[in-house]
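>>> Give me a 3D structure for the following:
(one chain, ligands or ions: 3)
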Amino acid sequence: MKRVLIIGGGLAACTVARDLTYAGIEACIVERNSSIGGKVRNYGCKATGDCLNCGLCTAATLWDCVEKNEKIQKICNATVTDIVRKDGLFLADILSGGISETHMFSDIVLASGFRDIYGSTVFQPGVIGGIAMERLLKDRREGELFDSAPSSVALLLCSGSRTIKDQAPWCSRFCCGFSGRTARVIKHVYPECKVDLYYTDYQETHPEYCMEKLREQGINLVKCRARCEGSEDGRPVVTWDEADGCKSAVYDRVVLINGIVPGENNRAFAELTDLKQNSDGFLEYVKEPEITGVYLAGTVKGPMGVNETYRDAAYTAVRIIEAYKKEASN
Ligand SMILES: Cc1cc2nc3c(=O)[nH]c(=O)nc-3n(C[C@H](O)[C@H](O)[C@H](O)COP(=O)(O)OP(=O)(O)OC[C@H]3O[C@@H](n4cnc5c(N)ncnc54)[C@H](O)[C@@H]3O)c2cc1C
Ligand code: SF4
Ligand code: SF4
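Ligands and ions are numbered 1, 2, ... in the order given. As a prediction, this is how the structure comes out:
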């Protein structure tokens with residue numbers, strides 16, 4: 001029996017599922033939200049007339065392809081509550097609409113992604129997290145991004161990242177690029193708006209070139225660890241420390257650029273399967289997945305942008321396909 005359970009329905013999951021079916025292997029996606037696509041499906045294009053290579057086009061046709069593919073079963077609004085092994089197969093309990101059913105699979109792919117640290121946070125007026133900013137970019141209309149034209153916007157990079165206090169000391173690597181592109185879109189839509197980008201260090205392949213491009217467009221780069229604290233006349237205040245004391249500035253809008261942190265179910269998944277959490281809380285293999293039948297794909301393993309997630313998931317699919325071929329030839 002060749003039927004693969006994929007937990008999660010985001011970019012990584014959909015890529016694995018699609019590629020498996022190209023090799024004649026059935027897949028079943030279990031997604032806890034009401035539709036497939038994960039976070040990326042609600043992200044927006046960052047073109048400013050020219051494409052700024054945000055990576056989203058990588059997934060442009062993926063959702064449609066998965067939705068129409070009859071070899072991929074999609075169970076949304078659902079979770080996997082238990083997994084047991086029996087006679088070399090996996091029996092997974094899938095809870096959907098209050099009903100739990102046991103399904104049988106040959107292999108499992110964990111593609112449950114990362115946690116949006118600002119998901120349900122209610123900020124003071126004028127302040128939003130990175131994924132909410134993506135939603136605005138998606139809903140963008142000609143000459144319009146926010147509900148009213150701002151005269152000043154601050155982007156605070158490494159929000160909740162690269163700090164031991166927040167238990168997220170790593171760099172997510174893609175979010176400097178995301179911030180730079182977002183700043184350029186804001187400046188493109190509102191040329192008169194003051195756009196300030198507060199960064200700790202700029203993680204791009206050619207940082208000096210990218211920063212020069214931002215400056216050319218009139219975006220100010222401020223190297224410091226800034227925070228958003230309090231408000232003045234209902235507008236958010238950004239503060240940061242300099243050698244001669246604490247500085248502050250008031251903005252119409254503040255965007256807190258969050259990175260990638262481990263998913264909330266990683267511990268439970270590690271306990272249910274032959275996996276372990278690394279010191280940061282992401283999942284990793286204990287034994288080769290070809291031996292255990294449990295594979296990983298995408299940001300459940302660590303920070304990745306869209307292109308890296310896509311490549312990682314495609315490679316996971318190749319490993320499964322190759323393992324089946326080997327099994328069939330024995
Ligand atoms: C603010 C922000 C902006 C970004 N912008 C960009 C960008 O412009 N360009 C770029 O290259 N990258 C960007 N990224 C990175 C991008 O979001 C990731 O590369 C991508 O989402 C990874 O896809 P994934 O499938 O691994 O995870 P996810 O998108 O997190 O998908 C995981 C899926 O699994 C589901 N799930 C989770 N747990 C369970 C469970 N227990 N049971 C069932 N389903 C479950 C979730 O609901 C979700 O649908 C951005 C990230 C952030 C935080
Ligand atoms: S979605 Fe991203 S990659 Fe695609 S055109 Fe827009 S900026 Fe370019
Ligand atoms: S990529 Fe940039 S914004 Fe993201 S964590 Fe690293 S330094 Fe901070």
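>>> if I read this right, T239 contacts A226, doesn't it?
Yes. At 6.8 Å, T239 counts as touching A226 under the criterion of Cβ atoms under 8 Å. Every C-beta, even on glycine, is put in place using the N, C-alpha and C of the backbone.
>>> Span of stretch 289-307 from start to end?
23 Å (Cα to Cα, to the nearest Å).
>>> of T239 and A226, who's got more company?
Taking neighbours as other Cβ atoms under 10 Å, T239 and A226 compare with A226 leading, 26 against 14.
>>> so who does the more buried one touch?
Contact analysis of A226 by Cβ atoms under 8 Å, 6 or more residues apart in numbering lists A154, L156, Y198, V238, T239, W240.
>>> residues near the fourth one, how many?
I take that to be V238. 24.
>>> E192 too?
Using other Cβ under 10 Å as the criterion, E192 is surrounded by 9 other residues.
>>> Kindly report the same for the one 10 residues further on.
Other residues near Y202 come to 18 when the count uses other Cβ under 10 Å.
>>> Let me have the contacts of A226 in TSV, adding pLDDT and distance to ligand 3 as columns.
Converted to TSV, the contacts of A226 look like this (pLDDT from 0 to 100; distance: Cβ to the nearest ligand atom, whole Å):
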residue	pLDDT	distance to ligand 3
A154	98	14
L156	98	9
Y198	98	10
V238	98	16
T239	97	18
W240	96	15
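>>> which of those lies closest to ligand 1?
Here the nearest of the contacts of A226 to ligand 1, counting by Cβ to the nearest ligand atom, is L156; it sits at 12.2 Å.
>>> May I see the buried residues of stretch 265-276?
N265, N266, F269, A270, L272, T273, D274, L275 (16 or more other Cβ atoms under 10 Å).
>>> And for stretch 74-84?
Quick answer for stretch 74-84 (16+ other Cβ under 10 Å): K74, I75, A78, T79, V80, I83.
>>> what's around R115, how many residues?
By other Cβ under 10 Å, 17 other residues sit near R115.
>>> just G177 next, same as before
Counted with other Cβ under 10 Å, residues neighbouring G177 total 20.
>>> now the closest residue to it other than its chain neighbours: how far from ligand 3?
Distances taken as Cβ to Cβ, 6 or more residues apart in numbering place E204 nearest to G177, at 5.7 Å, with adjacent residues excluded. Per Cβ to the nearest ligand atom, to the nearest Å, E204 is found 8 Å from ligand 3.
>>> hang on, E204 in a helix?
No. Per DSSP: H, G, I helix; E, B strand; the rest coil, E204 lies outside any helix segment and is coil.
>>> surely it meets R181?
No. Taking contacts as Cβ under 8 Å, E204 lies outside contact range of R181: 10.7 Å.
>>> and those two? which has more neighbours close in?
Counting neighbours by other Cβ under 10 Å for E204 and for R181 shows that R181 has the greater number, 21 against 14.
>>> What does the more buried one show for phi and psi?
Backbone dihedrals for R181, given as degrees, to the nearest 10, come out at phi -70, psi -40.
>>> The closest residue to it other than its chain neighbours: what's it in contact with?
Closest residue to R181 apart from its sequence neighbours, by Cβ to Cβ, 6+ apart: K46 at 4.0 Å. By Cβ under 8 Å, 6+ apart, K46 lies in contact with L52, C54, L137, R181, T182, R184, V185.
>>> Next, find the distance separating K46 from ligand 1.
Per Cβ to the nearest ligand atom, K46 is found 7 Å from ligand 1.
>>> Relative to E322, how far out is that residue?
To E322, K46 is 36 Å away according to Cβ to Cβ, to the nearest Å.
>>> now the helices for the stretch 51-200 of the chain?
62-68, 130-138, 175-189 (DSSP state H, counting those that start in this stretch).
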